[in-house]
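Undergrad: Kindly generate the corresponding structure for this input.
(one chain, ligands or ions: 1)
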Amino acid sequence: MHDMHNISRTGSSKIDMGIKLKLYFIFYTNCLIFIMTVRVSELVQYQICPRLVYFGARDNERDQGLQQPQARLRSRIEGFILKELAFNLSRIINCESDIAEVMGDILKCVPWIYREEMCQDIDLEPLRADFMRIINERWLKKLRSTRELELELEHGYERERVLYSAKLNLSGSVDKLIIADEEEIPCIIKTGKSPEYGVWRSDRIQLAAYAMLIEDESMRTVRRGLVQYIRDAEFREVQIRRADRAMVLHVLKRVKRVKQGVFPDRSRNAPCENCAYADICNTRKTFLSVLFGQKQK
Ligand code: SF4
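TA: Below you'll find the predicted structure:
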């Protein structure tokens, strides 16, 4: 009887161990999937500088990156305001509100919408005058005459639709998704300067990545997208080409390697002066140079 009891205890502890192992396996696999899922924003970062992806993927280092000097924080906030402006274009074009009223609403909303990114209470009123200078008569005239906004005005858009593809291990949220009849058109908002013609290469790849995510969900081919360079009131249509799709897959592979721990070279035009990771990046560079006796690029 005693032996029977022991046997059944050994049996149940074996079962317990089996369940535990299974749970560990599920937990480990889920963690791996989470770590390995690449965000579209990381594809964009990789093109600016691959090391931004490396540091961004490491929590402690990212925390340090978030301790931003005032100048950097201000430029980020300007970006948030411009982005919100892009979400209010129909109000301006249709003259539902005057521009000062739209700007007032945006300044009130930004601290709520971007609470996580702003980390602290900041008085945005001093920025109002700067923005009223950007949104001058010339800007308004350009905005009202642009043909690329017709689709948005006619069909509206869904804001920041979250997209995910298990097949690609890729996720992202597209700024605007316009659904025109049977066609889905991703649209991204850019707060920096526009190129003279067409769109920047990284914008083209970002759009192609969203197109591929949308296609994986809807099973329909996405043939075009839009880039809204809001600062300059330049709105450009982009055809999604095979080469763009191939580039997405290529960069995706490289980003995964970096997220697995491969420390990458910096890009030739890395914007180091304005980088939140400049200090840790230089330390890391020096450490590796000492370790391997070679110069890191
Ligand atoms: S400091 Fe320069 S090289 Fe380092 S992550 Fe920033 S941009 Fe890239």
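
Undergrad: which outside residues touch stretch 107-122?
TA: 66, 73, 76-77, 80-81, 84, 124-125, 127-128 (CB atoms under 8 Å, 6 or more residues apart in numbering). All C-beta atoms are positioned from the backbone trio N, CA, C, and that covers glycine.

Undergrad: my bad, stretch 125-135
TA: 74, 77-78, 81-82, 85, 99-100, 103-104, 107, 231.

Undergrad: Restrict that stretch to CA atoms and write it as PDB.
TA: What follows is stretch 125-135, C-alpha atoms only, in PDB (Å, rounded to 0.1, in the frame of the first residue of the first chain):
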ATOM      1  CA  GLU A 125       1.000  77.500 -25.500                       C
ATOM      2  CA  PRO A 126       4.500  79.000 -26.400                       C
ATOM      3  CA  LEU A 127       4.500  76.800 -29.500                       C
ATOM      4  CA  ARG A 128       1.300  78.200 -30.900                       C
ATOM      5  CA  ALA A 129       3.000  81.200 -32.500                       C
ATOM      6  CA  ASP A 130       5.600  79.000 -34.200                       C
ATOM      7  CA  PHE A 131       2.800  76.900 -35.700                       C
ATOM      8  CA  MET A 132       0.800  79.800 -36.900                       C
ATOM      9  CA  ARG A 133       3.900  80.800 -38.900                       C
ATOM     10  CA  ILE A 134       4.000  77.400 -40.600                       C
ATOM     11  CA  ILE A 135       0.300  77.500 -41.400                       C
END
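
Undergrad: Let me see the contact set for M247.
TA: M247 is in contact with 205, 208, counting by CB under 8 Å, 6+ apart.

Undergrad: at 7 Å what do you get?
TA: I205 (CB atoms under 7 Å, 6 or more residues apart in numbering).

Undergrad: Determine whether the claim that it is in a strand is correct.
TA: No: with DSSP: H, G, I helix; E, B strand; the rest coil as the criterion, M247 is located in helix rather than a strand.

Undergrad: How about the residues of the stretch 1-150 of the chain by the ligand?
TA: 49, 51-52, 55 (CB under 6 Å from any ligand atom).

Undergrad: Excluding chain neighbours, what is closest to the most centrally placed residue in the chain?
TA: The centroid of the chain falls nearest to S41 when counting by CA atoms, centre = their mean (3.0 Å). Nearest-residue entry for S41: G172, 6.7 Å, with adjacent residues in sequence omitted and distances by CB to CB, 6 or more residues apart in numbering.
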